[in-house]
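1. just to be clear, the model below is a prediction. Sequence and coordinates:
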Amino acid sequence: MGYFRDSQRIVVKVGTSTLTHNTGHLNLRRIEKIVKVLSDMQNSGIRVVLVSSGAVSSGVAKAGFGRIPSTPEEKQAMAAIGQSELMKIYDRFFSDFGHTVGQILMTKDVLTNPDRRSAAENTFNRLLEMRCIPIVNENDSVSTDELTKFGGNDILSAHVARLCRADVVLNLSDVDGLYDSDPRTNSDAKLISRVDNIDEIMSLAGGAGTDRGTGGMIAKLQAAKLCVEAGIPMFILNGHDPEILYTLLDGGHVGTYFSAKRD
Ligand code: GLU
């Protein structure tokens, strides 16, 4: 019995450290593998929603900016350059595997404004009914403040999952899952394979992630809390080898599974 038995809609979140090299440029080999596995999931009848980071990092690299953007305006400009680069690559790779993608750029106020929320919901539903793969990112080029910013794609992916009533969220990161202590400083740290009480576990998260993404374990646990409270289970998995998703599809277990109340 696998995790995907009744799962019609799956939100897959992929972080910047998975999608880009240390140079900031897109890791094309990795992206192609991710696209292949997601295309296969889509072929098997699952409806995939991809929440992808990587816009700012690839914009910085493509523009030859040479440093981490320090002002909101610089970051917004880099995101504008990188987002189109990112979509060009996704469109090309997904097309190679016979799939059509559509871009949805979200701001937080979409969730709180009933008309905009319902428009976004309808767009997701329509794309999924048409068997298109929505590719979602924060609209970094225009979101500037508390009202419009989600504060990272871990949180965005949880909101997207709630909006399109997903069955499960797969959060692909650069760690194997949640550990009982920080594996970067403690070689005895043990991977936790299942979490049934998210509140008990919130204190285990360390600090921020890499310097190119905004994630880190705290954001992932906050995302997991948003998901499980809405009845949506979530996995944290290592995206280094995207083929581990096949293990889940084949009924196995990888990473950390956060069970939802309806489990
Ligand atoms: N939206 C940002 C980007 O595409 C990433 C945010 C995050 O890493 O959580 O660069």
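-> The structure has been received and is ready for your questions.
2. helix or strand right after the worst-scoring helix or strand of the chain on mean pLDDT?
-> Lowest on mean pLDDT, DSSP states H and E among the helices and strands of the chain sits helix 198-201, with a mean of 89. Using DSSP states H and E, the helix or strand that directly follows helix 198-201 along the chain is helix 217-229.
3. re earlier: any buried residues in the least confident helix or strand of the chain, and which?
-> Buried residues in helix 198-201, counted by 16 or more other CB atoms under 10 Å: 198, 201. Heads up, the C-betas are built off the backbone N, CA and C, glycines and all.
4. for stretch 88-103, same thing?
-> Going by 16+ other CB under 10 Å, stretch 88-103 has these buried residues: 89-91, 93-94, 99, 101-102.
5. stretch 57-69 too?
-> Going by neighbour count (16+ other CB under 10 Å), the buried part of stretch 57-69 is 57-63, 65, 69.
6. for the residue of the chain positioned farthest from its centre, which non-adjacent residue is closest in space?
-> Computed with CA atoms, centre = their mean, the residue of the chain farthest from its C-alpha average is Asp188, at 28.3 Å. Spatial nearest neighbour of Asp188, excluding adjacent residues (CB to CB, 6 or more residues apart in numbering): Ser181 at 7.5 Å.
7. which SSE is that neighbour in?
-> In the assignment (DSSP H and E), Ser181 maps to no helix and no strand.
8. tell me where this structure has strands.
-> 9-14, 47-52, 101-106, 133-138, 168-173, 194-195, 234-238, 256-258 (DSSP state E).
9. returning to that earlier point: what's the distance between the least confident helix or strand of the chain and the middle of its chain?
-> Offset of helix 198-201 from its chain centre (CA atoms, centre = their mean, to the nearest Å): 21 Å.
10. need the contact partners of that helix.
-> 178, 192, 195, 221, 224-225, 228, 258 (CB atoms under 8 Å, 6 or more residues apart in numbering).
11. show me what from the protein comes close to the ligand.
-> Contact residues (CB under 6 Å from any ligand atom) of the chain with the ligand: 15-16, 53-57, 79, 137-138, 140, 152-153, 213-215.
12. buried subset of the residues you listed as a PyMOL selection?
-> Those of the residues of the chain next to the ligand that count as buried under 16+ other CB under 10 Å are selected in PyMOL with:
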select buried, resi 15+16+53+54+55+56+57+79+137+138+140+152+153+213+214+215
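13. just send the strands of the chain back as a markdown table, with mean pLDDT too.
-> Below are those laid out as a markdown table (pLDDT from 0 to 100):
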| stretch | mean pLDDT |
| --- | --- |
| strand 9-14 | 98 |
| strand 47-52 | 98 |
| strand 101-106 | 98 |
| strand 133-138 | 98 |
| strand 168-173 | 96 |
| strand 194-195 | 96 |
| strand 234-238 | 97 |
| strand 256-258 | 97 |
